[in-house]
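> Prediction below, plus the sequence it came from.
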Amino acid sequence: MLSSVSGKETNKVSTLTTREHTLSRKSLLEWFHQNQNLKNTSRFQRRLQKHFVRPSGNLRPLPEFQALLKDEDPIALRNLLLSKKTRSLSGVVTVTILTKPYPCPGECIFCPNDPQMPKSYLTREPGGQRGLRNHFSAYKQVRERLLQLQKQGHPIDKVEVIVLGGTWTSYTKRYQLTFITDVFRALNDGPSIEAELENTISNGETINSHIELPKFSPSVQNYNRSLKIIPRGRTTQSFNISRQSAVVLDEEALKVLCRQHDTNEHAGSRCVGLSIETRPDHVHSKTLTWLRRLGVTKVQIGAQHRDNTILEMNKRGHTLEDVQNAVFQLRSFGFKVQLHFMVNLLGATPEVDIHAYRALYTSSTHLHPDEVKLYPCTLVRGTELENHYAKGEWAPYEGQVLTRLLAACIESTPRRVRLSRIIRDISSNDILAGDLRSNLRELAEQELLQQGRTIEEIRHREVRDQRILTPTQNDSCEKNKAIVVHHTPVDTPKGKLVFIELKNSRDQIHGFARLWIPNGAIPSPLPELANAAILRELHVYGGVVSIGEKPNAHASQSRGLGASLIQECVHYIDGNTYTTSITKLSVISAIGTRGYYRSQGFIDGSLYQHLVLEK
């Protein structure tokens, strides 16, 4: 499927006429064989696009060439038509956007204090640059990123939106509603055309770009105080409205959001996941109900450590018990949980860090995150940590010590957990002290593999673009011995987590489902989830297959693996005695996946979709 600027589907054509050359599968292959010595991807793409230029003189987007290929065509050509191909090898493309600068409730001693950015982010980070360039407009950031991905040759019809920017729940409800509405409006409108990038301003998100933002601030107090000059002239809303008018506005604005949700179910770029980040002490039942109304499916939580003394020394403002309570509530609502964990904090040692990291996954804890971002602490100018460094109270771990610590963390990560990121994209120009190596993950993994040690975490095992062994669509997992089902149940104090994966003989993962079966003695957080097991995540890996298209030999998607995983969840519930009170399977579906779940027999509820189980 090709997506136009409007986000609507266009019909494929097998032959397209240009001024000088006719584009067809045959002519494309002939040109490739004549130019396959061009190993540089960018050079290859530029020459190809110039050769098959449109009659108008415009260059053809890479997806137009990709649409002509068949399974038997050279994989080398397929790879050359895709820039930065890892961005769509996990089954979706991700669009990361930032919220505006806003006062932060935290006082963490290691947190960057750049008032041009939302708290904890820096101007030189890639996401920060895109946010600043677009004046933190959700609408403009999403459309620009979709355009970039499309120009690189990636399908953009399955999009996971990741909203970053400090503590999401500290922003006003009105801002959150406007921001998320603009996210969906951008997905529904599709990628920008380059001429629009300077002129398109989101409704309610106009920022006077001629006013200079405050300069870098040396402390948390100054960061928050400096932002007080921004809200009236530079933020997206004026918040001086009465409580009564705010309620009316929210109800009317919610109707607008719901219309955008409905449109997105059939849009050219559908939201298959929506993530926000917040603090563990900001997670409450009413907050989570609100997040579901917005369409959120995953929440990132800044746990940072398990040791309460270390948390206090670093002025995190919360305890381990807060983290445990937050994770349990999130899981009870069906959210996917991504924890942020830091090593080398003030007061920590490598031994304390590895013990605390391994304890994230012990059976006695409420934690057991689904994903983890693992960050070594680095010293950034203007933080309170700088004072401790000057006094000799904190120092970065030596390079080899840090590599071995990260290797031990990777090795300790269970097969049901995805290590989404190791290290942050902080520019070396912003780091006063700390490891400057950008390939720390690669070095840590190399050390493990060279020593014959095992890596089981999900990201390392993703099948990516390797040829799938299932020969036909809708193959049954039981009949096809190339892919087998593997269950990993985990007992927690308040319920059972079940990780169901489809893997091949090399232990590569093609897809998985996350199932939560609550303890019958624990009351349901919502009447809608009474007597329900919750399908918290359903994910099929491999290159993105556009909606409605047939998979090629290197794609796991659109082969019925998702339907097989749903059936595995149903079979698991039916086959266990402790699930006798379960009468339905509820899914925390993303807006853009609602249609898929309806096709699998689920019916719409208020905030979830449900499959009634036959007993």
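Looks like it came in fine.

> Quick check on the closest residue in space to residue 603 that isn't next to it in sequence: phi, psi?
Leaving aside its chain neighbours, residue 603 sits nearest to residue 610 (5.7 Å; criterion: C-beta to C-beta, 6 or more residues apart in numbering). In short, each C-beta sits where N, CA and C put it, glycine included. Dihedral pair for residue 610: phi -130, psi 140, per degrees, to the nearest 10.

> Surely residue 585 is in contact with residue 570?
Yes. Assessed by C-beta atoms under 8 Å, residue 585 is found in contact with residue 570 at 6.4 Å.

> Comparing these two, which residue is more hemmed in?
Legend: neighbour count by other C-beta atoms under 10 Å for residue 585 and residue 570, higher for residue 585 (21 against 18).

> In which helix or strand does that one reside?
Using DSSP states H and E, residue 585 falls within strand 584-587.

> what do you get for residue 141?
Assigned by DSSP H and E, residue 141 falls in helix 138-151.

> Who does the next helix or strand after that helix pair with, and is each partner parallel or antiparallel?
Toward the C-terminus, helix 138-151 is succeeded by strand 158-164 as the next helix or strand (DSSP H and E). In the sheet, strand 158-164 lines up against strand 93-98 (parallel), strand 270-278 (parallel) (DSSP bridges).

> so strand 158-164 versus helix 138-151, what angle?
Going by axes from the mean of the first three to the mean of the last three C-alpha atoms, to 10 degrees, strand 158-164 is angled at 130 degrees with respect to helix 138-151.

> how far out from the middle of the chain is strand 158-164?
For strand 158-164, the separation from the chain centroid amounts to 5 Å (computed by C-alpha atoms, centre = their mean, to the nearest Å).

> One more: stretch 347-362?
Computed by C-alpha atoms, centre = their mean, the separation of stretch 347-362 from the middle of its chain amounts to 25 Å.

> and if you look at stretch 306-316?
27 Å.

> Mind listing what's buried along it?
306-307, 310-311, 313-314, 316 (16 or more other C-beta atoms under 10 Å).

> What is the end-to-end distance of it?
From its first residue to its last, stretch 306-316 covers 11 Å (C-alpha to C-alpha, to the nearest Å).

> quick one: average pLDDT of it?
For stretch 306-316, mean pLDDT is 97.

> who's in contact with residue 256?
residue 181 (C-beta atoms under 8 Å, 6 or more residues apart in numbering).

> Bridged to the residue most central in space within the chain, which residues?
Centroid-nearest residue in the chain, with C-alpha atoms, centre = their mean: residue 162, separated by 5.0 Å. Beta bridges link residue 162 to residue 96, residue 275, judged by DSSP bridges.

> can you tell me which residues contact it?
By C-beta under 8 Å, 6+ apart, the neighbours of residue 162 are 94-97, 275.

> And it, what's its pLDDT?
Reported pLDDT for residue 162: 96.

> Also the one 4 residues further on?
According to the predicted model, the pLDDT of residue 166 comes to 80.

> To what extent is it buried, counted in neighbours?
25.

> Reduced to three states, what does it come out as?
coil (DSSP: H, G, I helix; E, B strand; the rest coil).

> pLDDT at the residue nearest to it when sequence neighbours are not counted, what is it?
Once flanking residues are discounted, residue 166 sits nearest to residue 119: 3.8 Å by C-beta to C-beta, 6+ apart. Per-residue confidence (pLDDT) for residue 119: 88.

> Before I go, just wanted to say thanks for your time.
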